[in-house]
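K.L.:
Requesting a structural model of the entry that follows:
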Amino acid sequence: MDIRSSFTPRDGAFYVVVELDDKFTGKEIVLGMKDTAADSLVAEHRFTWDNTQDTRAFREEIPPIVDKAGYGRYRASYSIDGQAIAHTEFTLSAER
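P.N.:
Numbers count the residues shown, from 1 in each chain. As a prediction, this is how the structure comes out:
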């Protein structure tokens with residue numbers, strides 16, 4: 001698995017992966033991505049965790065995020081039943 005924290009439009013897309021075990025079955029998960037400078041939401045996924053797998057990957061297309069919020073630092077975070085659990089930060093830049 002390629003774990004990176006910096007992307008450009010040439011990458012096309014990136015994945016955010018949430019990994020939980022079956023004790024979270026039935027819980028509402030909210031995965032959000034924010035532009036950290038503006039503290040504005042650029043993408044959000046809401047789903048209910050099930051026990052069919054222990055990971056769930058979300059593909060995010062880079063061009064729509066850049067069109068909406070520009071280049072810079074972003075934070076992907078998820079919450080369970082309204083409680084913040086974990087986050088990761090990444091950068092979208094014009095070039096590497």
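
K.L.:
what comes up buried for the strand or helix carrying T88?
P.N.:
If you go by DSSP states H and E, T88 is part of strand 83-92. Across strand 83-92, burial judged by 16 or more other C-beta atoms under 10 Å covers 90, 92. Where you see a C-beta, it was placed from the backbone N, CA and C, and this is true even at glycine.

K.L.:
contacting residues for the residue positioned nearest the centre of the chain?
P.N.:
Geometric centre of the chain, nearest residue: A76, 4.0 Å, by C-alpha atoms, centre = their mean. Residues counted as contacts of A76 (C-beta atoms under 8 Å, 6 or more residues apart in numbering) are 16, 31-33, 87-90.

K.L.:
which two from those residues end up farthest apart in space?
P.N.:
L31 and E89 (14.3 Å; C-beta to C-beta).

K.L.:
could you say which helix or strand contains D67?
P.N.:
Using DSSP H and E, D67 maps to helix 62-69.

K.L.:
Can you classify the residue nearest to the centre of the chain by secondary structure?
P.N.:
Three-state call for A76 (DSSP: H, G, I helix; E, B strand; the rest coil): strand.

K.L.:
gap between it and F7?
P.N.:
Shown here: A76 relative to F7, a distance of 12 Å by C-beta to C-beta, to the nearest Å.

K.L.:
which neighbours do these two share?
P.N.:
Contacts common to A76 and F7, judged by C-beta under 8 Å, 6+ apart, are F90.

K.L.:
Which member of the contacts of A76 is positioned nearest T48?
P.N.:
Looking across the contacts of A76 and measuring by C-beta to C-beta, the closest to T48 is L31, at 12.4 Å.

K.L.:
hmm, back to that, so which elements touch the helix holding D67?
P.N.:
Here helix 62-69 touches strand 40-48, strand 83-92, going by 3 or more C-beta pairs under 8 Å, 6 or more residues apart in numbering; DSSP states H and E.

K.L.:
contacting residues around it?
P.N.:
Residues from elsewhere that reach helix 62-69 (C-beta under 8 Å, 6+ apart): 7-9, 11-14, 33, 35, 38, 40, 42-43, 74, 92.
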